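Asker: Predicted coordinates and the sequence they were generated for:
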Amino acid sequence: MTYPEDEEHPRLLLHNFLSAQECKELEFIHKSNCTVGYRPNVFSTTLSHLIATNCAHLIMPFVPIRERLKEKVEEFFGCEYELFIEFTGLISWTRGASIGWHSDDNRDYLKQRDFAAVCYLNNYGDDFKGGLFHFQIGDLATIVPSSGDVVIYTADNRNIHAVNEVIDGERLTMALWFSRDAAHDEDAKLISLLSQTPLRNNGPELLLPLPASSNMYWFSPEHASSYEFGFDICCARLHVLGYDVVYSEEKISCSNVSELLIERLRLARADELFDYEFLNILHALQVVQFYCWKASDLKSTEVENIIKVVPLLPSQREKSLCLKSISLKDLHLAESIFSAESAKHCYWAHLTVAVAMWGDYAHRLHKELVMCLPHWKTHQSIFQVSFDDK
């Protein structure tokens, strides 16, 4: 924990506030659900987006972190029980992303913001280059992102800050904003969304993600909505990890990007086809990113060859290449933006286990959400709920 000596610029750096496990879990959630962000070369995952895409259960890992961090912000700034969380989001900065000197209250729609926190989920130098966080004046002038560290500061002109351009890799953060104004309470809005979402204790179909509109996943170098340039984020993340997409329906057109998000598909690698049908592109991406997250655990897992791996037919390869030309208009740009990803050697049997583990993980979080929601509705606040028998 690093305290500033300059009280004119109140800020605090907390080392190892998040565990390695928490950082990796948030990384999994972001890389399997993110959409185009609020500025060029930035990608984001908000809690409301998770709810809207049938992934409400994925907000559960955020709950204890948000609670701990709000308490720390209130303690440091001496405003116990006064704050509301205005926004929680995962944000990644990729090659070319930067932000000039600014304060978080320099726009009218941000005037209600009192404090901000940035949680770093990966490491400067190892996972990305560039992207240093700078305060314009005062102590702790430069923050070197390190996994698990958190910087908190007042969201006003006492803490004008900037972020250097990211040169390579993907800089992962979780951002939280805090306000004293209850009208901007994120919890009330999220609880309202959850109350409108059909939640049951069973039904595996409820845990399968449903993609949002295609323009939310389409990255263009000029932030244009046209599909003539750029790439689909989901397809790009699968591609850089070495996977090709093979759609199950022969009728799928090679000209409709939005159609590709919601159709059933299988994954291929080199000349092998993984003969398991995913519901849609987000389903496949979540399982693959879960596989990447749990790769070290899976290496020590004894598995049987229970999934059928078949040769990729020439006709399937041709169709896959045709579809790739539509979803990845600029292949070089996709590989450049997500250059931190690296294709991992794929053991299909381990991916089979990952499918089951991903399902168990989603069901556990869903059960927790169903149990917590009545308490959240009563108190109009999202908080950790203790149960004697989970």
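Answerer: That came through fine.

Asker: Can you name the next helix or strand after the strand ranked longest in the chain?
Answerer: As assigned by DSSP state E, the longest strand anywhere in the chain is strand 166-179. Note on strand 166-179: by DSSP states H and E, the next helix or strand toward the C-terminus is helix 186-195.

Asker: Name the next helix or strand following that next one along the chain.
Answerer: strand 218-219.

Asker: Does the next helix or strand after that following strand pack against any helices or strands, and if so which?
Answerer: Using DSSP H and E, the helix or strand that follows strand 218-219 in sequence is strand 231-232. Using 3 or more C-beta pairs under 8 Å, 6 or more residues apart in numbering; DSSP states H and E, the elements in contact with strand 231-232 are strand 218-219, helix 257-262, helix 331-337. Placement of C-beta: from N, CA and C, glycine included.

Asker: For these, which has the smallest mean pLDDT value?
Answerer: Out of those, helix 257-262 stands lowest, with a mean of 80 (criterion: mean pLDDT).

Asker: now that helix, how far from the centre of its chain.
Answerer: Chain-centre distance of helix 257-262: 20 Å, with C-alpha atoms, centre = their mean, to the nearest Å.

Asker: on that earlier part again, need the winner for burial among the helices and strands packed on strand 231-232.
Answerer: Compared across the helices and strands packed on strand 231-232, strand 218-219 shows the largest average neighbour count, a mean of 23 (mean count of other C-beta atoms under 10 Å).

Asker: In its sheet, which strands sit next to it, and in what direction?
Answerer: Sheet pairing of strand 218-219 (DSSP bridges) gives strand 231-232 (antiparallel).

Asker: List the contacts of the partner strand.
Answerer: The contact list for strand 231-232 (C-beta atoms under 8 Å, 6 or more residues apart in numbering) reads 214, 217-219, 257, 260-261, 281, 327-331, 333-334.

Asker: In the longest strand of the chain, which residues are buried?
Answerer: 166, 169-174, 176-179 (16 or more other C-beta atoms under 10 Å).

Asker: That strand pairs with which strands?
Answerer: strand 84-94 (antiparallel), strand 113-120 (antiparallel), strand 128-130 (antiparallel).

Asker: Which one of the helices and strands packed on strand 231-232 lies nearest to residue 299?
Answerer: Distance to residue 299, taken as C-beta to C-beta, is lowest for helix 331-337 among the helices and strands packed on strand 231-232, at 26.2 Å.

Asker: Show me what that closest one packs onto, helices and strands only.
Answerer: strand 231-232, helix 233-240.

Asker: about what we covered before: want to throw the helices and strands packed on strand 231-232 into TSV with distance to residue 132?
Answerer: Shown next, in TSV, are the helices and strands packed on strand 231-232 (distance: least, C-beta to C-beta, whole Å):
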stretch	distance to residue 132
strand 218-219	24
helix 257-262	36
helix 331-337	20
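
Asker: which one of the ones you listed lies closest to residue 142?
Answerer: Of all these, helix 331-337 sits nearest to residue 142, with 25.4 Å by C-beta to C-beta.

Asker: Give the next helix or strand downstream of that closest one.
Answerer: Immediately after helix 331-337, counting by DSSP H and E, sits helix 348-379.

Asker: in that next one, what's buried?
Answerer: By 16+ other C-beta under 10 Å, the buried positions in helix 348-379 come out as 348-355, 357-358, 361-363, 365-366, 368-369, 372-373, 376.

Asker: Low-confidence bits of this structure, can you list those?
Answerer: 1-6, 105-111, 200-206, 223-225, 249-255, 302-306, 340-345, 388-390 (pLDDT under 70).

Asker: So what sits opposite the spatially closest residue to residue 127 that is not a sequence neighbour in the bridge?
Answerer: Nearest in space to residue 127, with sequence neighbours left out and distances taken as C-beta to C-beta, 6 or more residues apart in numbering, is residue 169 at 5.3 Å. Residue 169 forms beta bridges with residue 128, as assigned by DSSP bridges.

Asker: Report whether the expected contact of residue 169 with residue 125 is present.
Answerer: No: contact criterion C-beta atoms under 8 Å: residue 169 and residue 125 do not qualify, at 9.3 Å.

Asker: returning to that earlier point: which one of the contacts of strand 231-232 is nearest to residue 30?
Answerer: Using C-beta to C-beta, those come closest to residue 30 at residue 217, 13.6 Å.

Asker: Check whether the closest one really touches residue 260, as I assumed.
Answerer: No: judged on C-beta under 8 Å, residue 217 makes no contact with residue 260 at a distance of 9.9 Å.

Asker: With distance to residue 119 and mean neighbour count as new columns, can the helices and strands packed on helix 331-337 be given to me in JSON lines?
Answerer: Formatted as JSON lines, the helices and strands packed on helix 331-337 follow (distance: least, C-beta to C-beta, whole Å; neighbours: other C-beta atoms under 10 Å):
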{"stretch": "strand 231-232", "distance to residue 119": "28", "mean neighbour count": "27"}
{"stretch": "helix 233-240", "distance to residue 119": "22", "mean neighbour count": "23"}
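
Asker: Which of these sits closest to residue 54?
Answerer: Once the helices and strands packed on helix 331-337 are compared by C-beta to C-beta, helix 233-240 is nearest, at 14.9 Å.
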